[in-house]
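Novice: need a structure here:
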Amino acid sequence: MEDLAYSPHALINTAPPMLELSNVYGIEEVHALRYREGKGGRLSSERIRGKEWPTNGSSVCVNNESPNENRCHSTEAGANALLGINLIFLWLFRNHNYLADKLHELNPCWGDDKLYQVARDINIAMYQHIVYHELMPAVIGQKYLEKNKVIFPGHVHVDDYDEDLEPRLAQEYVLATRWFHVLQEGRINLYDKHGKMFNQLSVVDLSLRTGALTINNTIEGATQGAFRQACASTDYVIDPEMGERSLGRLQFVSDVMAADIMKTRDVGLPPYNRYRELCKLPVAEHFHDLYQWMPKEVRLQDN
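Specialist: Alright, predicted model coming up:
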């Protein structure tokens, strides 16, 4: 019991540690079955003005503005949360049904379950390719990924699966990804298919507001904006919209960066000096020792 008293909190995390689109397909079989249409390998959907949407019915979209904004995905609650999560969910949801339809055309003898499973496998593979071969090389570098055998140069297909290795995710990785807050612009530009900007919206004001995506060409404009609008700089500065109004209308004021730091303490991560030791780097004996490792502009601002 004495050892337990000094142990960091053991957290239970229901999110799977793999990139398997649980936000689209659910984390349990009962969820996966509920989201399926039951024919053609498709996910349950509805059409609005010719566009496919998940079925409506959840009550979590508390920021919807009546009467025009009346949709909320009846899928995983998190899909309705933040704008970026919502967009990725919608793109991959629609991609699954597109794949299922094409597979059915090519293989009319396949049943619902096989069409669903194969479309799901292809959808997951496409997502993983984007993450491992397009996103992560831009974030941490192609050479680093190749050196650590995360990806392999010149290989179209690599089968290095180890059934004895238990998939896990380090808490450090989860918390370090919150650094992406500095890359987020507070406002999203909406563009038409020709690249002409027609509107600009506050990102945080679209949290828990799925209904807004269905009107005024918002989903189409935000999708174009996702690849036309540049992200913010890779520095230590966060957009005030993201840092101080992270939940939009649900929260009058917030401090995302302070909350991110507090999350590391809540899960019992070691202090900064300990990580410097692990990396065989000099450690700070006094707070002012940290200045030598801070960016110059931060040192000048503090002084």
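Novice: show me the shaky parts of the stretch 151-300 of the chain.
Specialist: When residues are selected by pLDDT under 70, those of the stretch 151-300 of the chain lie in 155-156, 297-300.
Novice: and the spatially most central residue of the chain, what element?
Specialist: By CA atoms, centre = their mean, the chain has its centre lying nearest to Ile85, at 5.2 Å. In this assignment (DSSP states H and E), Ile85 forms part of helix 83-106.
Novice: quick one: name whatever helix or strand follows that helix.
Specialist: Heading C-terminal from helix 83-106 (DSSP H and E), you reach helix 112-129.
Novice: give the next helix or strand downstream of that following helix.
Specialist: Scanning forward in sequence from helix 112-129 by DSSP H and E, the next helix or strand is helix 136-140.
Novice: for that next one, packing partners?
Specialist: Taking 3 or more CB pairs under 8 Å, 6 or more residues apart in numbering; DSSP states H and E as contact, there are no helices or strands that helix 136-140 lies on. Using the backbone N, CA and C atoms, a C-beta is placed for each residue, glycine as well.
Novice: what distance separates that helix from the centre of its chain?
Specialist: 15 Å (CA atoms, centre = their mean, to the nearest Å).
Novice: give me the buried positions along the helix or strand following it.
Specialist: Next along the chain after helix 136-140, taking DSSP H and E as the criterion, comes helix 142-147. Judged by neighbour count using 16 or more other CB atoms under 10 Å, the buried positions of helix 142-147 are Leu145.
Novice: can you list contacts of helix 142-147?
Specialist: Tyr132, Met136, Pro137, Ile151, Phe152, Pro153 (CB atoms under 8 Å, 6 or more residues apart in numbering).
Novice: recalculate using a threshold of 7 Å.
Specialist: Contacts with helix 142-147, where a contact means CB atoms under 7 Å, 6 or more residues apart in numbering, come from Met136, Pro137, Ile151, Phe152, Pro153.
Novice: what's the distance between the first one and Ile130?
Specialist: Think Met136. Using CB to CB, to the nearest Å, Met136 is found at 10 Å from Ile130.
Novice: how about stretch 193-201: buried residues?
Specialist: Leu201.
Novice: and that stretch, how far out from the chain's middle?
Specialist: Taking the mean of its C-alpha atoms, stretch 193-201 sits 23 Å from the chain's own mean (CA atoms, centre = their mean).
Novice: related to what we said a few turns ago, now the helix holding Ile85 and helix 112-129, what's the angle there?
Specialist: Orientation check (axes from the mean of the first three to the mean of the last three CA atoms, to 10 degrees): helix 83-106 against helix 112-129 gives 130 degrees.
Novice: buried ones in helix 83-106?
Specialist: Buried residues in helix 83-106 (16+ other CB under 10 Å): 83-84, 86-90, 92-97, 99-100, 103-104.
Novice: right, I'll leave it there.
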